[in-house]
Structures are given as structure tokens and as C-alpha cells.
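Asker: Pasting a predicted model and its sequence here:
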Amino acid sequence: QVQLVESGGGLVQAGGSVRLSCAASGDTFSRYQLGWFCQAPGKEREFVAAISWSGDNKLYADSVKGRFTISRDNAKNTVYLQMNSLKPEDTAVYYCAASYGRERYYVTTRGADYDYWGQGTQVTVSS
């Protein structure tokens, strides 16, 4: 099993940046594919970004392409989401998620494919 703890959220002005971190403990972190999802009030959870266990494959939601970057540091058991050029519509609770990796390039955007979730961190973007 894997335990996930997000950090780094907060209040930021539109156009600003924030970096979210998700620290993992438990099982072998390096074999888990990782994802970031967000949920705004009154909306369903949405996919944001994901990275394969090898780090060789990354996927992004169209709404964040070119603005957000997902990365991982297996030595630190941590996955990051660098969020630049933030917009008010990025306001949400952001969750990291993990599932045991399959092929080195495997990555999924479906929340149902992830087995472990963090508690979430709030990001609020003011206009």
C-alpha cells in the first residue's frame, strides 16, 4: 500500500505560480504511476496530469497543457505539479493518486484506475 500526502496549495493571484508536492510512503514508490486530479465546488473530479512509473510518459488535460508540468523524484518518493499562468478557473482541491505501474509507458487519465489517494490540497486563484 501507499500513503499519499499533498502540500503546497494556497492562495495565489491570477497569472501566478504554485508547486504542489505529494509525498508517498509505504510500498516501492518507483513502480507506481501517479496522477493529479482536481475537484471544484459543485463539479466532478477531473483529471489534470499523470506520469508513468518510469517518468517517460506524461499526459495532461487540454485545459492545463503548456501551463502545468508533472514530474517525479523517486529518490524523494515525491511527485510534483508545477502550476504556472494560473487562472481563476484552476481553483479547486487538488488530489494526487497512485496505482501500481504496468508497462513503463503506461499512464491513465481515469480516476477509477487509481488505487490510492491523498487527502487533497486547496488551490485558490484570485482574479
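Answerer: Noted; the coordinates are in hand.

Asker: so Thr78 touches Ala23, yeah?
Answerer: Yes - Thr78 is in contact with Ala23 according to C-beta atoms under 8 Å; the separation is 5.2 Å. Every residue, glycine included, has its C-beta placed from N, CA and C.

Asker: In the protein, where is pLDDT below threshold?
Answerer: Within the chain, no stretch has pLDDT under 70.

Asker: Next, name the residue at the spatial heart of it.
Answerer: In the chain, the centroid-proximal residue (C-alpha atoms, centre = their mean) is Trp36; its distance is 2.3 Å.

Asker: if you skip the residues just before and after it, what's nearest to that residue?
Answerer: Val48 (4.3 Å; C-beta to C-beta, 6 or more residues apart in numbering).

Asker: okay, now that neighbour: neighbour count?
Answerer: 25 (other C-beta atoms under 10 Å).

Asker: if we can go back for a sec, my guess is the residue nearest to the centre of the chain meets Glu46, correct?
Answerer: No - Trp36 lies out of contact with Glu46 (C-beta under 8 Å); the separation is 10.0 Å.

Asker: hmm, back to that, over to the residue nearest to the centre of the chain: give its phi and psi.
Answerer: With angles defined as degrees, to the nearest 10, Trp36 sits at phi -120, psi 140.
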